[in-house]
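> attaching a predicted model along with its sequence, questions to come.
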Amino acid sequence: MRDASTVFICLVILAAALDILSRRIPNPVNFTLLAAGLIASVLGWSGVGIVESVFGIGISLAALFLPFALNVYRGGDVKLCMGMAAWLGVEGALWTIALGVVAGGLLGILMLLFRGRSRRMTVPMAVCFAAAGLWIQRFGVPF
């Protein structure tokens, strides 16, 4: 359903914008994305069923738990990926994480080239994960 897609797009863009502006993603944004994804999957509006939606959430948590525990990613980034997984399912979630990690590496290199190294430099990973999730939602998985 087109309206459900709009909800996904707006919430993901909001999360990315908040990460740029405040370097954090508030829990209400992430939990709204996750809850809306579960509701959309139950109603058949997201393109994945509820089982795939729940498994996607679990896979996202499992895939990002170690990087989170090692302080590579912050909790908001993990919850954003879990929220997008509720909409995209297992395959979409894995591709979103993979493409987001690659985009984060490229963005980090660009930031180093243009800003130089500083102690407080962090890559806004929500932007990278959001871009990947929006790509997957719009165009599907690459292979």
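Okay, I see it.
> tell me where the model's unsure across this structure.
In the predicted model of the chain, residues 1-2, 117-119 satisfy pLDDT under 70.
> report the central residue of it.
Centroid-nearest residue in the chain, with C-alpha atoms, centre = their mean: residue 81, separated by 3.4 Å.
> roughly how far is the strand or helix carrying residue 37 from the heart of the chain?
Assigned by DSSP states H and E, residue 37 belongs to helix 27-43. Relative to its chain's centre, helix 27-43 lies at 13 Å (C-alpha atoms, centre = their mean, to the nearest Å).
> run through who's touching that helix.
Contact partners of helix 27-43, identified using C-beta atoms under 8 Å, 6 or more residues apart in numbering, comprise 1, 4, 7-8, 11-12, 14-15, 18, 46, 48-50, 52-54, 57, 76, 79-80, 82-87. Just so you know, the C-beta spots here come from the backbone N, C-alpha and C atoms, and that holds for glycine as well.
> and those residues, which of them are buried?
The neighbour count (16 or more other C-beta atoms under 10 Å) marks 4, 7-8, 11-12, 14-15, 18, 46, 48, 50, 52-54, 57, 76, 79-80, 82-87 as buried among these.
> and residue 9, how close does it get to residue 84?
Noted for residue 9: a distance of 11 Å to residue 84, by C-beta to C-beta, to the nearest Å.
> shared neighbours of the two, anything?
By C-beta under 8 Å, 6+ apart, the residues touching both residue 9 and residue 84 are residue 137.
> restricting to C-alpha, output the helix holding residue 37 in PDB.
C-alpha atoms of helix 27-43 as PDB (Å, rounded to 0.1, in the frame of the first residue of the first chain):
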ATOM      1  CA  ASN A  27      13.500   5.800  20.900                       C
ATOM      2  CA  PRO A  28      10.000   7.000  19.900                       C
ATOM      3  CA  VAL A  29      11.100   7.300  16.300                       C
ATOM      4  CA  ASN A  30      12.700   3.800  16.200                       C
ATOM      5  CA  PHE A  31       9.900   2.100  18.100                       C
ATOM      6  CA  THR A  32       7.300   3.800  15.900                       C
ATOM      7  CA  LEU A  33       9.100   2.500  12.800                       C
ATOM      8  CA  LEU A  34       9.300  -1.000  14.300                       C
ATOM      9  CA  ALA A  35       5.600  -1.100  15.400                       C
ATOM     10  CA  ALA A  36       4.400   0.400  12.100                       C
ATOM     11  CA  GLY A  37       6.400  -2.300  10.300                       C
ATOM     12  CA  LEU A  38       4.900  -5.100  12.300                       C
ATOM     13  CA  ILE A  39       1.400  -3.700  11.800                       C
ATOM     14  CA  ALA A  40       2.000  -3.300   8.100                       C
ATOM     15  CA  SER A  41       3.300  -6.900   7.800                       C
ATOM     16  CA  VAL A  42       0.200  -8.200   9.600                       C
ATOM     17  CA  LEU A  43      -2.100  -6.200   7.200                       C
END
